[in-house]
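Engineer: sequence first, predicted coordinates after that:
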There are 2 protein chains.
Amino acid sequence: MSTRKKRSKKSRSERPTLKDLAEHLDLSTATISLVLNHSPVAAAIPEETQQRVFAAAREFGYRPNYIAVSLRSRRTNSIGVLVPEVSDPWAAEIVSGIESHLLASDYTYLLTSHRRSTPKLLRDDLELLTRRAVDGMILVATELHEPPLLPTVVISGHKRVKGLSNVVIDHDLAARLALAHLKELGHRRIALFRGQPGSSDTEDRSRAILAAAASLKIEIPPKLTLQLSGEEGDEVFAPNAAYQEGYAFGQKLLARRMDFTALFAFDDASAIGAIRAFFDAGLRVPEDVSVVGFDDIQIAAFHNPRLTTVRQPLREMGRIAARVVLERINGSERSDGSFVVVEPELIVRDSTGPARDRKSKKDAR
Amino acid sequence: MSTRKKRSKKSRSERPTLKDLAEHLDLSTATISLVLNHSPVAAAIPEETQQRVFAAAREFGYRPNYIAVSLRSRRTNSIGVLVPEVSDPWAAEIVSGIESHLLASDYTYLLTSHRRSTPKLLRDDLELLTRRAVDGMILVATELHEPPLLPTVVISGHKRVKGLSNVVIDHDLAARLALAHLKELGHRRIALFRGQPGSSDTEDRSRAILAAAASLKIEIPPKLTLQLSGEEGDEVFAPNAAYQEGYAFGQKLLARRMDFTALFAFDDASAIGAIRAFFDAGLRVPEDVSVVGFDDIQIAAFHNPRLTTVRQPLREMGRIAARVVLERINGSERSDGSFVVVEPELIVRDSTGPARDRKSKKDAR
DNA sequence: CTCACGTGCTAAATCGTTTTAGCGCATTTC
DNA sequence: GAAATGCGCTAAAACGATTTAGCACGTGAG
């Protein structure tokens, strides 16, 4: 191949550019670009020339420089994804769903964790992603208070903000499913873990649970509702915060008068933490206390006891969010302040059982 | 401010460019760039002009266009990170460590999962990242067989390849810690889960374990060693594969003659899966079988029973890997085929206990 | 013969920055 | 009085693509 010689004339190991091809083919870069991109303008170029171009591109292993293309086209084919913490299994599963749709659509994503930091730092994260010129954003469980500058969708957000799309779960249904199940098992007075104040799901879920409890005549006394991350106002975000807090709050619950027969935890992680605390205090689950989680993260089905939980289709939600941002970016989709609502599902496993009657329970401590 | 007027003359909502500033200040873009970047050349420019430039930049909210800077400087300040699967808690924790170092160093990263696909597809992943013009790569538990084109470090890799840096754990120490612990508890014949054939840790860990077993006179019969993902050769990667396989293999183990008193699992996930299988078969852990995991993922301390495991400092390994790529990219670090070795630690919890003697065990089934 | 149109391309602008070479002028040096 | 130096800045090229306007030439119609 004489071409090899020609190529090495310029540079050994660098990737070939359009200019290199142009020189080799004795054509202009314009022509080559037109042909390679199957531009309609290229219709006028005879088949034979086109073949020469394709052949050369193949031979040289030509790949367009992404940066240059981005500069010209003003799009990077990348999405910014902001999660509370990557190593949280719940978030990881959503990210996995986002990823699968994005990569299949020839997009990449930049991931950042805000670690539940202050709103001010959150602005920095958004600023970072914007500076990196992402085409759109997906915010996971993170509330945005002002209209975004880019196509944005938030997963588990509930604010109706202009320019924002939301993917949410039907919390009323979720609450009814879980509480009806507990009621059927005889539970009448239960404890509740509310979410972190920063988490965008917290308010809506609590509201729905309280409403369902009222209509089902289940008591959830304020004394027995604990807000995760609520009291210490900690800036530092421990890696295993979710389990850890469930544990601490399980203990806190036990320290109060133990007149509840079930716990509805904010998520599976805090449920598992609480179960650990109950075990350590000599209680059994579900014999002494029933526990219902939320999310159905992977471990839920393998934990001991297997966790009864309200399943969120996390992966699916990620995929939907990805689809929606791409639609907003590429299409003429209006979807301002739109909501996509997905259905929860109650997965009954082994962490819930018939309620003990109150008196014997008190002895159990 | 008359500037406001001047700005809106050109474009309302677009970000201001150097040219906009230049027009406004009646200077050239060159000068402004020089000043803003504190270039030594700018030393000749009088303090007063510099202040004018800074002030205007602040007022206009000027941010250099990342794409343009990248095109010129031929670096994107981004790293490609390739993991088997994002939602695997083990990988997620490593990613979290990578992220913390990278973001602190003003780098971002592109994450992709290869989902243990074929080597051919893996090439596609690398190709994708290369096309996206990352400055370097971190491969997690993924073997590379040829010298990389970019600064690359692999976590848990063991190939000594030119141009590759490795972050590995001391598997000999890990094996000795775990097996000595089991021996002390009276275990003499144990089962073993080997890793997935694709996982770069598999071989080294197995070798170390077999060596340690030999020197401690512990039997690990081939009949009782199972290779995860080894037999079905499945292309499809289930999300919860790790737990699931542990479960399936726990059952498989029970189906064989149950003449082992302990299981050393390849990782915590398969350990937890196996424990689930043992429970479902009516066995207790650790009373009937002891189980040792590997990794110490977050759930390990909260599982029931709490998992005894060989701790890998996953987050730390991620951070180290990030540090090393950045050194390779920016510095004159040679580090060709270098190895950074981190220390494992045995965390004894509740999934291991004294070995039952053989006969009574057999009855237990 | 002239005009229109089609064919097969290319020149040049553009995206937004960085950076090198150097210009024009004033002052100092010998 | 010529040469050197310093000052304060700028022109222009470069990074690697995309895309619009249009050129030069040939053919066919009227």
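Structural biologist: Thanks, I have the structure now. Residues are numbered from 1 along each chain as shown, chains lettered A, B, ... in the order given.

Engineer: residue boundaries of the helices in the stretch 51-200 of chain A?
Structural biologist: A:66-73, A:89-104, A:119-131, A:171-184 (DSSP state H, counting those that start in this stretch).

Engineer: which stretch among the ones you listed comes nearest residue B:176?
Structural biologist: Comparing those by their distance to residue B:176 (CB to CB), the top pick is helix A:89-104, with 31.0 Å. The C-beta positions use only the backbone N, C-alpha and C, and glycine is treated the same way.

Engineer: now do the most centrally placed residue in chain A, the pLDDT please.
Structural biologist: Geometric centre of chain A, nearest residue: residue A:94, 3.7 Å, by CA atoms, centre = their mean. Predicted confidence (pLDDT) for residue A:94: 98.

Engineer: now swap in residue A:87 and tell me
Structural biologist: Note for residue A:87: predicted pLDDT of 94.

Engineer: quickly note the distance from it to residue B:268.
Structural biologist: 14 Å (CB to CB, to the nearest Å).

Engineer: overlap in contacts, these two.
Structural biologist: Common neighbours of residue A:87 and residue B:268 (criterion: CB atoms under 8 Å, 6 or more residues apart in numbering or on different chains): residue B:89.

Engineer: ok, back up a step: in a markdown table, list the helices of the stretch 51-200 of chain A along with distance to residue B:311.
Structural biologist: Formatted as a markdown table, these follow (distance: least, CB to CB, whole Å):
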| stretch | distance to residue B:311 |
| --- | --- |
| helix A:66-73 | 40 |
| helix A:89-104 | 19 |
| helix A:119-131 | 30 |
| helix A:171-184 | 35 |
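
Engineer: so can I have JSON lines of these showing distance to DNA strand C?
Structural biologist: Listed next are these as JSON lines, based on distance: least, CB to the nearest atom of the strand, whole Å:
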{"stretch": "helix A:66-73", "distance to DNA strand C": "4"}
{"stretch": "helix A:89-104", "distance to DNA strand C": "25"}
{"stretch": "helix A:119-131", "distance to DNA strand C": "10"}
{"stretch": "helix A:171-184", "distance to DNA strand C": "43"}
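
Engineer: among these, which is nearest DNA strand D?
Structural biologist: Among those, helix A:66-73 comes nearest to DNA strand D, with 3.3 Å by CB to the nearest atom of the strand.

Engineer: ok, which stretches of the stretch 201-350 of chain A are strands?
Structural biologist: Secondary structure of the stretch 201-350 of chain A (DSSP state E, counting those that start in this stretch): strands located at A:225-227, A:262-264, A:290-295, A:308-311, A:339-342, A:345-347.

Engineer: which among those strands is found nearest to DNA strand D?
Structural biologist: Per CB to the nearest atom of the strand, nearest to DNA strand D of the strands of the stretch 201-350 of chain A: strand A:339-342, 31.4 Å.

Engineer: any idea how far the closest one is from the chain center?
Structural biologist: The chain centroid and the centroid of strand A:339-342 are separated by 14 Å, computed with CA atoms, centre = their mean, to the nearest Å.

Engineer: and that strand, which residues are buried?
Structural biologist: Residues A:340, A:342 are the ones in strand A:339-342 that count as buried (16 or more other CB atoms under 10 Å in any protein chain shown).

Engineer: okay, now the sheet partners of it, with direction.
Structural biologist: Using DSSP bridges, strand A:339-342 pairs in its sheet with strand A:164-169 (parallel).

Engineer: could you export the strand it pairs with as CSV, CA atoms only?
Structural biologist: Extracted as CSV, the C-alpha positions of strand A:164-169 are listed here (Å, rounded to 0.1, in the frame of the first residue of the first chain):
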residue,chain,number,x,y,z
LEU,A,164,-38.9,20.7,34.0
SER,A,165,-40.1,17.2,33.3
ASN,A,166,-40.7,14.7,36.2
VAL,A,167,-40.7,11.0,36.5
VAL,A,168,-42.5,10.1,39.7
ILE,A,169,-44.1,7.1,41.3
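
Engineer: nice, that's everything, thank you.
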